[in-house]
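> pasting the sequence and the predicted model now:
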Amino acid sequence: MVDNLALSIAKRIKNTVPNHPSSVNVLKYALIVILNAVFGVALSLLISILTDKTSEVIVIILSFALLRQLSGGYHIKSSDGCVIVSVLLFTALSLISLNSTAVIVINSCSVLLALFFAPSKIDKQSKIPKKYFPYLKIVSVLLITINFYLQYSTIAMAFFVQCISLIRLKMT
């Protein structure tokens, strides 16, 4: 659905502005990124209104997205799959509440995962030179450690799930 909509819009843009320097494929890719975010956030917020967990979903989305920009992570191949998994994930996490001990344990696990794996699979999604990757790791870890002070259950879970997406194991 997302891919087809992006292609349709990209073709309309190219037909309207035939001299546009970007190809239909480049426009389509950019639109897929935008539509994934819009659909994922909109559907998550809509469901959060029904579950009365809107503030939790907003915190989860912002926490997850911020850490993801710094640390990278696994990308689901299908646009529709990305939207579905994101909505289910954000909604499920908003319904869970952890006690302070669990938040400390989850934060600790997230720090360890970020130390070992961040940044992950970011080289093809970012224009940041590789020489700055160690700084992305440091900032990712520092961001996670802020939650030791804040003690927000929703942030801990969002960071943890994002850090799980960093794991890359080389199978030979």
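Looks like it arrived, so ask away.
> make it CA atoms for all contacts and neighbour counts henceforth
Fine.
> any chance you could list what contacts the helix or strand that contains Leu143?
Taking DSSP states H and E as the criterion, Leu143 maps to helix 133-150. With contacts defined as CA atoms under 8 Å, 6 or more residues apart in numbering, helix 133-150 is touched by 67, 70-71, 103-104, 107, 110-111, 114-115, 118-119, 155-156, 159.
> report the buried residues of that helix.
Neighbour-count burial for helix 133-150 flags Phe133, Leu136, Lys137, Ile138, Val139, Ser140, Val141, Leu143, Ile144, Thr145, Asn147, Phe148 (criterion: 16 or more other CA atoms under 10 Å).
> next, count neighbours for Thr91.
Other residues lying near Thr91 total 23 when counted by other CA atoms under 10 Å.
> quick check: it touching Val57?
Yes. Counting by CA atoms under 8 Å, Thr91 touches Val57, with 6.8 Å between them.
> shared neighbours, those two?
Each of Ser44, Ser48 lies in contact with both Thr91 and Val57 under the rule CA under 8 Å, 6+ apart.
> where in this structure is pLDDT low?
170-172 (pLDDT under 70).
> what strand or helix carries the residue nearest to the spatial centre of the chain?
By CA atoms, centre = their mean, the chain has its centre lying nearest to Ala65, at 4.3 Å. Applying DSSP H and E as the criterion places Ala65 in helix 54-71.
> neighbours around Gln162, how many?
Using other CA under 10 Å: Gln162 sits among 24 other residues.
> 55 is where my numbering starts, stick with that
Happy to do that; since the first residue is 55 now, the last one works out to Gln216.
> residues in contact with it?
Phe118, Leu121, Arg122, Gly127.
> from Ala210, how far out is the second one?
In this case it means Leu121. 11 Å (CA to CA, to the nearest Å).
> the more surrounded of these two?
Ala210 (30 against 22).
> so how far is Leu220 from the more buried one?
16 Å.
> before we move on, what about Leu120?
Leu120 is 14 Å from Leu220, where distance means CA to CA.
> between these two, who's got more neighbours?
Between Leu120 and Leu220, counted using other CA under 10 Å, the more crowded position is Leu220 (24 against 16).
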